[in-house]
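K.L.:
Return atomic coordinates for the entry below.
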Amino acid sequence: MTTVGLILNLGVFALALAWLARRQRGGAPLSGTVLVALLLGVVAGAALQGIYGHDHPAVRGTIEWIGLVGGGYVRLLQMIVMPLVLVSILSAVTRLDDARALGRISAGVLGVLMLTTAVSAVIGIGVARAFGLTAQGLVRGARELERGAAIEASAGEVAGLDVPQLLLSFIPTNPFADLTGARPTSIIAVVVFASLLGIAALGLRRDSPEAGERVIAAIDALQKLVMRLVRMVVRLTPYGVLALMTRVVATSNPQDILGLIRFVLASYVGLALILVAHALLLALAGIDPLRHYRKVWPVLSFAFSSRSSAATIPLNVDAQVSRLGVSPAIANFAASFGATIGQNGCAGLYPAMLAVMIAPSVGIDPTSLPFLATLVLVVTLGSFGIAGVGGGATFAAILVLSTLDLPVALAGLLISIEPLIDMGRTAVNVGGAMTAGAVTSRVLGETDLAVFASDADSGSVPAGIVPAV
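P.N.:
Coordinates of the predicted model:
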């Protein structure tokens with residue numbers, strides 16, 4: 001019966017893939033096809049749960065085969081992240097008239113990321129108090145205890161970090177190793193290396209125009225080759241979203257979710273409020289928030305289903321440039337920095353909520369002004385520091401809790417619903433990066449207003465992320 005069910009399940013999934021392919025060949029916009037794939041994935045996952053129940057052998061077998069599509073797509077995106085960051089930053093820098101513009105771009109992007117993270121921490125504190133969340137009522141099962149012990153073991157690593165070491169880790173000693181993602185700060189290190197290489201190319205063009213033009217022409221050719229690869233992978237987005245959403249819904253345990261439903265609701269209320277804060281910031285910068293979100297939602301939906309900010313970088317850059325009209329240099333910096341620094345959901349909201357929940361367990365008043373002010377400051381600076389250790393929300397929580405001298409093991413109590421919440425957190429992380437790019441580009445006067453005003457769908461897959469000059 002299990003084998004028959006597995007064959008039937010995979011047959012239905014194959015038909016869904018074929019239907020999506022036919023829809024795409026028929027000229028349907030990519031954004032609409034991604035939405036349809038997302039909904040199909042939810043329906044398919046719910047159907048697997050309803051027919052077989054949670055953790056049935058037929059479900060596990062189906063998800064294992066479906067994982068070839070979802071996991072394969074995520075791996076393809078991860079494959080192109082480092083080449084994309086390298087050539088995009090390099091190409092963008094060589095197009096600048098003045099290398100000093102890099103300082104303004106970096107300051108603008110990082111400033112917005114840190115500001116939105118501080119706001120996210122305040123929102124986390126507010127929703128935790130509004131929903132009356134505490135760590136005292138959580139059930140400590142075997143998995144939670146095991147996760148808590150692992151988190152405690154990692155706390156020592158985080159406690160030893162300091163800002164000078166973190167900043168030093170951004171400077172690559174072996175850029176080829178960083179291109180493999182060997183270190184948690186590899187993405188930022190590649191950005192630094194590509195920026196310096198681009199500045200060197202500008203200097204070469206000034207000192208030796210003929211040699212400089214040849215180098216820049218070679219960079220442009222390499223950039224077009226990588227963009228071609230990016231477009232090939234981006235066209236696979238609906239199939240990856242279908243597989244990923246089917247897996248998420250089919251493997252979620254309803255009992256675990258119901259047992260911690262108040263924390264889930266509080267988390268998503270907080271994430272929604274962060275998106276509202278992003279919208280207010282966009283409006284202050286003179287950007288229509290509704291149009292902005294309408295143009296970027298396919299990227300947010302992929303981030304939601306994949307739970308990977310880094311894997312979303314190619315889609316992030318593409319949407320900023322081809323749909324929002326953001327300057328290519330700013331888009332690449334915002335997407336790259338936003339994947340590791342100032343993550344509003346993972347490093348802003350989540351640690352703040354945990355700290356407020358856990359503080360009463362050690363006799364700390366979570367409503368006291370000194371505690372709240374310290375918490376917001378630690379969360380904001382800690383969002384910069386998680387790039388030094390990697391691991392997203394878990395390491396951000398370790399850093400904040402250990403700095404405030406709170407028991408870090410209690411963070412393991414939420415492992416049952418971690419995947420469900422992490423989807424929303426990742427979408428908000430990516431949304432924060434795109435907001436940083438859009439606001440910085442508009443403030444610096446680099447936005448192509450005609451592109452932003454256009455209703456054209458980037459689902460046609462543009463000719464390149466960095467436009468030709």
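
K.L.:
for this structure, which spans come out with low pLDDT?
P.N.:
Within the chain, the stretches with pLDDT under 70 are 1, 54, 97-100, 136-167, 184, 255-259, 384-392, 408-417, 456-469.

K.L.:
Which residue ranges of it form strands?
P.N.:
With DSSP state E, there are no strands along the chain.

K.L.:
Let's check: the centremost residue of it is which one?
P.N.:
Centroid check for the chain by C-alpha atoms, centre = their mean gives residue 309 as the closest residue, at 2.3 Å.

K.L.:
so who does it touch?
P.N.:
Contacts for residue 309 (C-beta atoms under 8 Å, 6 or more residues apart in numbering) come out as 303, 338, 339, 340, 343, 392, 426, 429, 430, 433. Backbone N, C-alpha and C define where each C-beta goes, glycine included.

K.L.:
And the third one, how far from residue 422?
P.N.:
Between residue 339 and residue 422 the distance is 15 Å, computed by C-beta to C-beta, to the nearest Å.

K.L.:
ok so, going back, most neighbours out of the contacts of residue 309, which is it?
P.N.:
residue 433 (35 neighbours; other C-beta atoms under 10 Å).

K.L.:
mind checking how far residue 348 is from residue 293?
P.N.:
The spacing between residue 348 and residue 293, counted by C-beta to C-beta, is 19 Å.

K.L.:
hmm, I was thinking of residue 254
P.N.:
Using C-beta to C-beta, residue 254 is found at 30 Å from residue 293.

K.L.:
So those two - more neighbours on which side?
P.N.:
Taking other C-beta under 10 Å, residue 254 and residue 293 do not tie; residue 293 has more neighbours (16 against 9).

K.L.:
so residue 397 touches residue 350, yeah?
P.N.:
Yes - counting by C-beta atoms under 8 Å, residue 397 does reach residue 350; the two are 6.3 Å apart.

K.L.:
which residues in the stretch 101-250 of the chain form helices?
P.N.:
101-130, 142-159, 163-168, 175-178, 186-207, 209-234, 237-251 (DSSP state H, counting those that start in this stretch).

K.L.:
Contact partners for residue 217?
P.N.:
Not one residue lies near residue 217 by C-beta under 8 Å, 6+ apart.

K.L.:
distance of it from residue 206?
P.N.:
Residue 217 sits at a distance of 16 Å from residue 206 (criterion: C-beta to C-beta).

K.L.:
Enumerate every residue touching the nearest residue to residue 311 once chain neighbours are set aside.
P.N.:
Nearest residue to residue 311, sequence neighbours excluded (C-beta to C-beta, 6 or more residues apart in numbering): residue 77, at 4.2 Å. With contact set as C-beta under 8 Å, 6+ apart, residue 77 has these partners: 233, 306, 308, 311, 312, 313, 314, 315.

K.L.:
and what of residue 331?
P.N.:
With C-beta under 8 Å, 6+ apart, residue 331 has these contacts: 316, 317, 320, 321, 437, 441, 465.

K.L.:
how close does the closest residue in space to residue 269 that isn't next to it in sequence get to residue 300?
P.N.:
Nearest residue to residue 269, sequence neighbours excluded (C-beta to C-beta, 6+ apart): residue 127, at 5.4 Å. For residue 127, the distance to residue 300 equals 20 Å [C-beta to C-beta].

K.L.:
got it, and residue 42?
P.N.:
Distance of residue 42 to residue 300, computed by C-beta to C-beta: 16 Å.

K.L.:
Which positions within stretch 232-244 qualify as buried?
P.N.:
When burial is assessed from 16 or more other C-beta atoms under 10 Å, stretch 232-244 yields the following buried residues: 233, 234, 237, 238, 239, 240, 241, 242, 243, 244.

K.L.:
could you check the angle helix 237-251 makes with the lengthiest helix in the chain?
P.N.:
Using DSSP state H, we find that the single longest helix of the chain is helix 57-94. Angular relation of helix 57-94 and helix 237-251 on a 0 to 180 degree scale: 140 degrees, by axes from the mean of the first three to the mean of the last three C-alpha atoms, to 10 degrees.
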